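A.B. asks: no FASTA, just this:
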């Protein structure tokens, strides 16, 4: 085996373009599923607070399934299982529109929605009930005390968990390789196969993942600092 | 659909349970469980050492472990498995079974996560315990060994069970390096049948669900028992406790 040489990969335009395509696909999957997950999480949180036992039971079942079945198995079930049960026109349309990536977004998004909604819920539960009572006593309606008093505090409490799970979501986008999405992990395996530079290609992609994850963590820490109500008081 | 599922279970239950065992490596559910138990058993002592190193004031102990924790939090497990697949045979110089590669990777990965759990438990105890133990004449390590760790580890038992559940879920990633676990057995069945992928993967999801759900219930029951034993009531979560929980909770 020849000695360590990153330029073997970075100097080859073919490999560089494969890497860039992989990064692009990783971001499409990660951002797509993040948006889907956050939207669903807010809906699930609303259902939790809805009157009647049905909404609560549904959310409990939803969260339980998505937290207790491995994400990879959920992806396999979506791509190999549910895909084949769909009617033919849908299958053809999906096959024309990168079905792997669509199912990766759906699978990861639905799974992460369970985590996000639980984060938001425990954030809300950490707000003392006295806050609600005080807001009502001051003349706020239920909706308005939720909007101006409860939710801002609840989301602030949930921020560390939300950031952490966003990092997990980004990392989990690598699972999409198992259903054939051409994202970053897929690109590294291709490059390794073509160049026989295992160490260099793994190192490069590991550093890329690490840098993106640390950027998400840093962005989260920045948002948490901005959202801290005592920030100005301390300064 | 349901009759298909019953037929698949009737025909392939042994493959799902132990893989091709007498004629090949142990696989299926047995391999998944053994892999998870061994991983957590080896990761536990590693995690205590890492937690103590991370709490230590010496930068030579503190920095590398902090770097390792951020590394495992920032890099997908799949990438670490590929590293293990490449490095473990290189380090041992032999043809290593993928089971062992997966075990080593899981010990490193879960060891780092578990060390944050243990550290959280130690930090949550507060300074008073350590100061009292030192005042009574214990050395630093003695205080850790006899006063801090017994309490901290007891308090984090529920989180340790959660990490165990994560480990079970993480073993599925062995699929990409052909570790003969439950997921691998299911995909073998799928390759033989070809026509019933939904039924096969539904069975797979159901098995994981039953195992992880039961363990999660155990964790919840233990948690409420510990809380009741310590305080006599269940307190509301505080922003600080949420922050610690966020560090150690990991979906996979």
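C.D. replies: All right, it came through fine. Everything numeric in this text was worked out from a predicted model, so none of it was measured.

A.B. asks: What ranges in the stretch 101-250 of chain B fall below the confidence cut-off?
C.D. replies: Low-confidence segments of the stretch 101-250 of chain B (pLDDT under 70): B:232-250.

A.B. asks: Can you tell me the centre-most residue of chain B?
C.D. replies: residue B:167 (3.2 Å; C-alpha atoms, centre = their mean).

A.B. asks: For that residue, give its distance to residue B:37.
C.D. replies: As for residue B:167, its distance to residue B:37 is 9 Å (criterion: C-beta to C-beta, to the nearest Å). All C-beta spots, glycine's among them, are computed from the backbone N, C-alpha and C.

A.B. asks: list the contacts for the residue nearest to the centre of chain B?
C.D. replies: Counting by C-beta atoms under 8 Å, 6 or more residues apart in numbering or on different chains, residue B:167 touches B:36, B:39, B:40, B:43, B:106, B:110.

A.B. asks: helix or strand right after whichever strand or helix holds it?
C.D. replies: Assigned by DSSP states H and E, residue B:167 falls within helix B:157-170. Following helix B:157-170 in sequence order, the next helix or strand is helix B:182-193 (DSSP H and E).

A.B. asks: That next one versus helix B:157-170: what angle between them?
C.D. replies: 30 degrees (axes from the mean of the first three to the mean of the last three C-alpha atoms, to 10 degrees).

A.B. asks: Show me what helix B:182-193 is packed up against.
C.D. replies: Counting contacts by 3 or more C-beta pairs under 8 Å, 6 or more residues apart in numbering or on different chains; DSSP states H and E, helix B:182-193 packs against helix A:71-76, helix B:2-18, helix B:28-55, helix B:197-231.

A.B. asks: Show the subsequent helix or strand relative to the longest helix along chain A.
C.D. replies: When chain A is scanned for its longest helix (criterion: DSSP state H), the result is helix A:13-49. Next along the chain after helix A:13-49, taking DSSP H and E as the criterion, comes helix A:53-68.

A.B. asks: For residue B:196, which non-adjacent residue is closest in space?
C.D. replies: Nearest non-adjacent residue to residue B:196, counting by C-beta to C-beta, 6 or more residues apart in numbering or on different chains: residue B:4, 5.7 Å away.

A.B. asks: From chain A, how far out is the one you found?
C.D. replies: Using C-beta to the nearest C-beta, to the nearest Å, residue B:4 is found at 12 Å from chain A.

A.B. asks: That residue touches residue B:197, doesn't it?
C.D. replies: No - counting by C-beta atoms under 8 Å, residue B:4 does not reach residue B:197; the two are 11.2 Å apart.

A.B. asks: what about these two, which has more around it?
C.D. replies: residue B:197 (23 against 15; other C-beta atoms under 10 Å in any protein chain shown).

A.B. asks: Pull the number of nearby residues for the closest residue to the more buried one other than its chain neighbours.
C.D. replies: With C-beta to C-beta, 6+ apart as the criterion, residue B:197 has its nearest non-adjacent residue at 4.2 Å, and that residue is residue A:80. Residue A:80 has 18 neighbours, counted by other C-beta under 10 Å.

A.B. asks: Show the backbone phi and psi for residue A:80.
C.D. replies: Here is the backbone geometry of residue A:80 (degrees, to the nearest 10): phi -90, psi -30.

A.B. asks: And for residue B:26?
C.D. replies: phi -60, psi 130.

A.B. asks: what's around it, how many residues?
C.D. replies: Counted with other C-beta under 10 Å, residue B:26 comes out at 16.

A.B. asks: For the residue nearest to the spatial centre of chain A, list the residues it contacts.
C.D. replies: In chain A, the residue lying closest to the centroid (C-alpha atoms, centre = their mean) is residue A:169, at 3.3 Å. When contacts are counted by C-beta under 8 Å, 6+ apart, residue A:169 touches A:30, A:33, A:34, A:37, A:108, A:112.

A.B. asks: quick one: the fifth one and chain B, what's the gap?
C.D. replies: Residue A:108 sits at a distance of 10 Å from chain B (criterion: C-beta to the nearest C-beta).

A.B. asks: Just to check, that residue is in contact with residue A:172?
C.D. replies: Yes - look at residue A:108 against residue A:172 with C-beta under 8 Å: they come within range, at 5.9 Å.

A.B. asks: quick one, helices of chain A?
C.D. replies: Taking DSSP H as the test, the helices found in chain A are A:7-10, A:13-49, A:53-68, A:71-76, A:83-85, A:88-96, A:99-125, A:129-137, A:142-145, A:151-172, A:184-195, A:198-227, A:231-234.

A.B. asks: Could you count how many residues lie near the closest residue to chain A within the stretch 1-150 of chain B?
C.D. replies: Proximity to chain A, evaluated over the stretch 1-150 of chain B using C-beta to the nearest C-beta, is greatest for residue B:74 at 3.4 Å. Per other C-beta under 10 Å, the neighbour tally for residue B:74 reads 22.

A.B. asks: Ok, residue B:119 next?
C.D. replies: Neighbours of residue B:119 under the rule other C-beta under 10 Å: 25.

A.B. asks: Compute the number of surrounding residues for the nearest residue to it once chain neighbours are set aside.
C.D. replies: Using C-beta to C-beta, 6+ apart and skipping residues adjacent in sequence, the residue nearest residue B:119 is residue B:51, 4.3 Å away. Residue B:51: 25 surrounding residues under other C-beta under 10 Å.

A.B. asks: list the contacts for residue B:51?
C.D. replies: Applying C-beta under 8 Å, 6+ apart, the residues near residue B:51 are B:115, B:116, B:118, B:119, B:122.

A.B. asks: now with 10 Å?
C.D. replies: B:65, B:69, B:111, B:114-123, B:149, B:152 (C-beta atoms under 10 Å, 6 or more residues apart in numbering or on different chains).

A.B. asks: quick one: the residue nearest to residue B:88 when sequence neighbours are not counted and residue B:125, what's the gap?
C.D. replies: Distance criterion C-beta to C-beta, 6+ apart; nearest residue to residue B:88, sequence neighbours excluded, is residue B:101 at 4.7 Å. From residue B:101 across to residue B:125, the span is 37 Å (C-beta to C-beta).

A.B. asks: between these two, which one's more packed in?
C.D. replies: Legend: neighbour count by other C-beta under 10 Å for residue B:101 and residue B:125, higher for residue B:101 (23 against 15).
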